[in-house]
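> coordinates for the following, if possible.
(one chain, ligands or ions: 2)
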Amino acid sequence: MARLFWHAQPESLTIAHAVVWWFHFILVMAWIAWLPFGKLWHIFSGSLNLLLRSHKPSGHIDKMDLEDEQAEQFGVGALEHLSWKRLLDADACVRCGRCQQNCPANLTGKPLNPKQVILNVRAHMEELYANRKQEGAETKNLHGNWITADELWSCTTCMACVSNCPMGIEHLETIIGMRQHLTLMESDFPQEVIAVFKGMENNGNPWALGSGKRLDWAEDLDLKPLSVEPEHEILFWIGCAGSFDDRAIKVSRALVKILRAAGVKFGVLGIKERCCGETARRMGNEYLAQTLIGNNVETLAKYNVRRIVTTCPHGYNTLKNEYPDFGGNYEVLHHTELIAELLQAGRLKLTGASHGAGGAVVFHDSCYLGRYNDVYNPPREVLRAVPDLELYEADRRRARALCCGAGGGRMWMEENLGSRINLARIDELIASGAKTVAVACPFCMTMLTDGIKDKDLTDTHKVVDVAELIAARLSDA
Ligand code: SF4
Ligand code: SF4
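Ligands and ions are numbered 1, 2, ... in the order given. Next comes the predicted model:
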């Protein structure tokens, strides 16, 4: 290039240099000035969003201050109720569509599209910015204008959107915030949920069964509650499903058998246990959830509980990640983690035929165990330790696993929109070739068992909990 200018005069070169320099300078400055208004802005807002992302446990719901007598608003009803981080989320979206492609609600034809939820918040921000000079320009209620109740109640809180988003956007916080507004400010929730809230409020369980019947399932097992026998090494948090749902009770019995076989000194709360509050929280009923959590934290403190095991990933997540905000700090284990620990320590001796004789088993990852708490390996380690079983995997597994459709209170709501999520998931699981589906969650158990029934596969396929597979192979089985 220099040869081109070989014979030019130094004066003209100096001028040419100045012209080129100023041209570049203006170009760069104009580009910088344009950046916030163009698509490239997302490189910056996205990087900022990732840098400032929350380091709280995945899907953690912040404690709402219900004592504040001046508060006129709970949850998210309008743009100004969203935190700066939720607004930055909206700015950071690059419309890649990964959240949408992995959303079980969207995949099964429901009106919810997590990408659109975020983009609607952005569109509202942009509209407000464009109208800023107009007299009376103000934020509209997000509900009805930018999002419908059907969209919000379609969410299973599975976290697939959050875990697949490359920009660290937390759709779920926005969705839960909007649900809190519907529930607490407008009492606008699906009709079938009324009985569930009442059951939790009056009986401490969503089935609305007598709280005094919590331990009826264990009459023949001689389980002594902590009020009678306070000495314990670990508390078995039975949970509402484990106490009242016939199928989940079998899993509770299996775990009791395992704990006894391993010589673990465990205690139970019995009739003092209340719903952990998880479902009420995800349905936006923070008031009810905090009442239940407060009761439980008090009871657990009374019996000096430090270590807890539970068969329910929803209770596990809430006890482990959300009870600390209410003064309850415990070491919480999911039963598959404890069983893996006991097997590794040689405290459980399994019987069984040779490798693979019991057939193939495919493991379904529960969202609240996997995406919420990164517990992917313990259930698989337990299944691999069973000599006669062969572990198969579904195409969509671990962090990419499809939800069963029951989270976020969906367990208690009719699924009238689109097709059924549990049927989509059961198709994926049986496509693995396994005839046995292993689960580690009472909600997954219900949804996938229903899926097998609806597909008329009960003669060939079954759904079992990991604990049941182990209990059936203990030497005195
Ligand atoms: S949490 Fe799950 S169901 Fe809800 S929007 Fe995200 S991907 Fe969809
Ligand atoms: S995955 Fe994240 S960046 Fe991509 S469309 Fe969804 S919200 Fe936007």
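> list the contacts of stretch 333-344.
234, 255, 258, 262, 264, 307-311, 313, 316, 348, 350, 369, 373, 375, 377-379, 381-382, 385, 440, 466-467, 470 (Cβ atoms under 8 Å, 6 or more residues apart in numbering). (Each C-beta comes from the backbone N, C-alpha and C, glycine too.)
> give me the mean pLDDT for that stretch.
Mean pLDDT, stretch 333-344: 98.
> for stretch 64-74, same thing?
Stretch 64-74 comes out at a mean pLDDT of 90.
> same thing with stretch 107-119?
98.
> repeat that for stretch 397-411.
Stretch 397-411 comes out at a mean pLDDT of 97.
> next, the buried residues of it.
Neighbour-count burial for stretch 397-411 flags 397, 399, 401-411 (criterion: 16 or more other Cβ atoms under 10 Å).
> and stretch 106-119, by the same measure?
Of the residues in stretch 106-119, 106, 107, 108, 110, 111, 112, 113, 114, 115, 116, 117, 118 count as buried by neighbour count, 16+ other Cβ under 10 Å.
> next, give me the two most distant ones among the buried residues of stretch 397-411.
397 and 409 (25.0 Å; Cβ to Cβ).
> against which helices or strands is the helix or strand of the chain with the lowest mean pLDDT packed?
Sorting the helices and strands of the chain by mean pLDDT, DSSP states H and E puts helix 142-145 at the bottom, at a mean of 90. Helix 142-145 sits against helix 114-130, with contacts defined as 3 or more Cβ pairs under 8 Å, 6 or more residues apart in numbering; DSSP states H and E.
> in CSV, could you pull the C-alpha coordinates for the helix it packs on?
Provided in CSV are the C-alpha atoms of helix 114-130 (Å, rounded to 0.1, in the frame of the first residue of the first chain):
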residue,chain,number,x,y,z
PRO,A,114,-41.0,-17.7,27.8
LYS,A,115,-39.2,-15.8,25.1
GLN,A,116,-42.4,-13.8,24.4
VAL,A,117,-42.8,-13.1,28.1
ILE,A,118,-39.4,-11.4,28.1
LEU,A,119,-39.9,-9.7,24.8
ASN,A,120,-43.3,-8.3,26.0
VAL,A,121,-41.6,-6.7,29.0
ARG,A,122,-39.1,-5.2,26.6
ALA,A,123,-41.8,-4.0,24.2
HIS,A,124,-43.6,-2.3,27.1
MET,A,125,-40.3,-0.6,28.2
GLU,A,126,-39.8,0.6,24.6
GLU,A,127,-43.3,1.8,24.3
LEU,A,128,-43.0,3.7,27.5
TYR,A,129,-39.7,5.2,26.3
ALA,A,130,-41.2,6.2,22.9
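> which residues outside that helix are in contact with it?
Taking Cβ under 8 Å, 6+ apart as the rule, helix 114-130 contacts 79, 82, 86-87, 89-91, 93, 95, 97, 99-100, 103, 106, 137-140, 142, 145-147, 151, 161, 169, 171, 174-175.
> in the stretch 151-300 of the chain, what residue spans correspond to helices?
Assigned by DSSP state H, counting those that start in this stretch, the stretch 151-300 of the chain shows helices spanning 160-164, 171-180, 186, 193-203, 239-244, 246-261, 278-282, 286-302.
> interface residues of this protein facing ligand 2?
The chain has residues 93-99, 115, 118, 164-167, 169 near ligand 2, with proximity defined as Cβ under 6 Å from any ligand atom.
> buried residues, the least confident helix or strand of the chain. List them.
Applying 16+ other Cβ under 10 Å to helix 142-145 flags 142, 143 as buried.
> which ones are touching the residue nearest to residue 184 when sequence neighbours are not counted?
Distance criterion Cβ to Cβ, 6 or more residues apart in numbering; nearest residue to residue 184, sequence neighbours excluded, is residue 74 at 4.3 Å. Shown in contact with residue 74 (Cβ under 8 Å, 6+ apart): 64, 66, 180, 181, 184, 185, 286.
> so what's the fourth one up against?
What that stands for is residue 181. Contacts of residue 181 (Cβ under 8 Å, 6+ apart): 73, 74, 75, 76, 77, 81, 143, 284.
> which one of these has the most neighbours?
residue 284 (31 neighbours; other Cβ atoms under 10 Å).
> so how far is residue 185 from that residue?
Separation of residue 284 from residue 185 (Cβ to Cβ, to the nearest Å): 10 Å.
> overlap of the contact sets of those two?
In contact with both residue 284 and residue 185: residue 75, using Cβ under 8 Å, 6+ apart.
> same question for the lengthiest helix in the chain, mean pLDDT?
Taking DSSP state H as the criterion, the chain has its longest helix at helix 10-34. The average pLDDT within helix 10-34 is 95.
> helix or strand right after it?
With elements assigned by DSSP states H and E, the helix or strand that comes after helix 10-34 is helix 41-51.
> what about the closest residue to residue 262 other than its chain neighbours, how many residues close to it?
Counting by Cβ to Cβ, 6+ apart, residue 347 is the residue found nearest to residue 262 once chain neighbours are left out, at 4.1 Å. Residue 347 is flanked by 15 other residues according to other Cβ under 10 Å.
> try the one 5 residues further on
A count of neighbours around residue 352, defined by other Cβ under 10 Å, yields 16.
> distance of it from ligand 2?
As for residue 352, its distance to ligand 2 is 44 Å (criterion: Cβ to the nearest ligand atom, to the nearest Å).
> what do you get for residue 301?
Distance from residue 301 to ligand 2, by Cβ to the nearest ligand atom: 40 Å.
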